[in-house]
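>>> Sequence and predicted structure below; questions after.
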Amino acid sequence: MVLRMNYHLVLTRRCNLNCEYCHGGEENENTEIKYSLSELETFLSNDTDVQLMLYGGEPTLRIPLILKLMNKFPDARFMLQTNALLLHKIPKEYATRFHSVLVSIDGRKHITDAYRSDGVYDRVIQNAKWLRDIGFQGDVVARMAVSQQSDIFKEVVHLLEIDGSVFDHVHWQLNVVWDAEGNWTDFDKWIETSYNPGITRLVDYWVRKMKKGVIMGIVPFIPLTYSLLTGKESLLRCGSGIDTFAIHVDGSIGICPISPDWEFSIVGDIRKSTPQDLKNCMLVDEPCPSCEEFDICGGRCLFANKQRLWGEEGFEKICTTVKHLIQSIRLRVPEIKELIKNGIISLDELTYPKYNNGCEIIP
């Protein structure tokens, strides 16, 4: 039996940026890897289809370690989540081996630079184009963090339509995990006047392109549409606690790379656990399983479900954005069915991702 587990491998907790919604990496005794590659090899030897999603902090701060890992596990499927500032420093023969590269960029130049520092946008685009120039054949995903300066329609369309087809897909996460008061001036107003209307416009744009035989790579839309068309139900789409875990720098294993400091999230250790021990070890709690959209959404975020850092009211507010997204797509399903029936697009084009690539799917 193929386990097909996914491991976010945290290479360092340091970062070379200090983004508005994140506030940089960490500098303490628990910043760098404390286990040996032999210990990691012993743990992974119990898996049958190794997939390593290199993560940080910023993983390209540890390029020599990346090369060691790719040499140590030549048959593994590697994916990289990076801010891309140092992407071009990875030797070409290694960079072209990645199955997917998720590049942090938040939309238009002035939006990206406002969140991430002046000049970041230009460097990210340059290095994403470098991937194409060296013959990279994998999936390049623009991975956005969306906050109150963002116009979701304009940011996504901009990234999809950059000259040179830089990005195959665009995915985003809302800036709704941490402190609500510190991150937002008026979250409710932004949702009502900007985000939800922008999602509706974005679905319209996506369907218009589809009518011309083109499925634009808007990540949340594609798998949700597939489920709505086929009736295929989904558990938590990011796989957290099910088949996707984080290996932290101390060798502990968590449900998610963002939550190493919460005791509940630590579910094992590479020195003591096996992949079989981990699979399906944690599921979302109520109210998610009783929600009318649970079979499509899957529960949005295991960490948010367990911790509720925005409180019960804030948790529900975020859920309304997911419900709006699903309903906006559901309303267009009859048109999409006709496009498939008439051979303008095919259902197979909506099977994404083939392997979990770190896109949580649900914003």
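Received, thanks.
>>> Glu349 contacts Ile215, doesn't it?
Yes - using C-beta atoms under 8 Å, Glu349 makes contact with Ile215 at a distance of 5.1 Å. Heads up, the C-betas are built off the backbone N, CA and C, glycines and all.
>>> the more surrounded of the two?
In this view Glu349 and Ile215 are compared by other C-beta atoms under 10 Å, and Ile215 has more residues nearby, 18 against 14.
>>> Need the three-state assignment for that one.
What DSSP: H, G, I helix; E, B strand; the rest coil gives for Ile215 is coil.
>>> need the contact list for it.
Neighbouring residues of Ile215 by C-beta atoms under 8 Å, 6 or more residues apart in numbering: 206, 209, 222, 345, 349-350.
>>> try it again with 6 Å
The contact partners of Ile215, taken as C-beta atoms under 6 Å, 6 or more residues apart in numbering, are 345, 349.
>>> The one 5 residues further on too?
For Pro220, the set of contacting residues under the criterion of C-beta under 6 Å, 6+ apart consists of 361, 363.
>>> Let's see that with 8 Å instead.
Contact partners of Pro220, counting by C-beta under 8 Å, 6+ apart, are 171-172, 325, 361-363.
>>> Could you list which of these belong to helices?
Among these, DSSP state H puts Leu325 in helices.
>>> Could you export the contacts of Pro220 as a markdown table, including distance to Thr31?
Listed next are the contacts of Pro220 as a markdown table, based on distance: C-beta to C-beta, whole Å:
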| residue | distance to Thr31 |
| --- | --- |
| His171 | 27 |
| Trp172 | 28 |
| Leu325 | 36 |
| Ile361 | 30 |
| Ile362 | 30 |
| Pro363 | 29 |
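>>> Check the contacts of Pro220 and tell me the two furthest apart.
His171 and Leu325 (12.8 Å; C-beta to C-beta).
>>> Mind listing what's buried along the helix or strand harbouring Leu131?
When elements are assigned from DSSP states H and E, Leu131 belongs to helix 120-133. Neighbour counts over helix 120-133 (16 or more other C-beta atoms under 10 Å) mark 120-121, 123-125, 127-131 as buried.
>>> now stretch 152-170
152-153, 155-160, 166-170.
>>> Tell me, how many residues neighbour Asp47?
With other C-beta under 10 Å as criterion, Asp47 counts 17.
>>> Check for me that it belongs to a helix.
No - counting by three-state DSSP, Asp47 is not part of a helix but coil.
>>> Spatially nearest residue to it (excluding sequence neighbours)?
Closest residue to Asp47 apart from its sequence neighbours, by C-beta to C-beta, 6 or more residues apart in numbering: Pro275 at 4.7 Å.
>>> In this structure that neighbour contacts Leu3, no?
Yes - between Pro275 and Leu3 there is a contact under C-beta under 8 Å: 5.4 Å.
>>> Common neighbours of Glu349 and Ile215, please.
Contact criterion C-beta under 8 Å, 6+ apart; residues shared by Glu349 and Ile215: none found.
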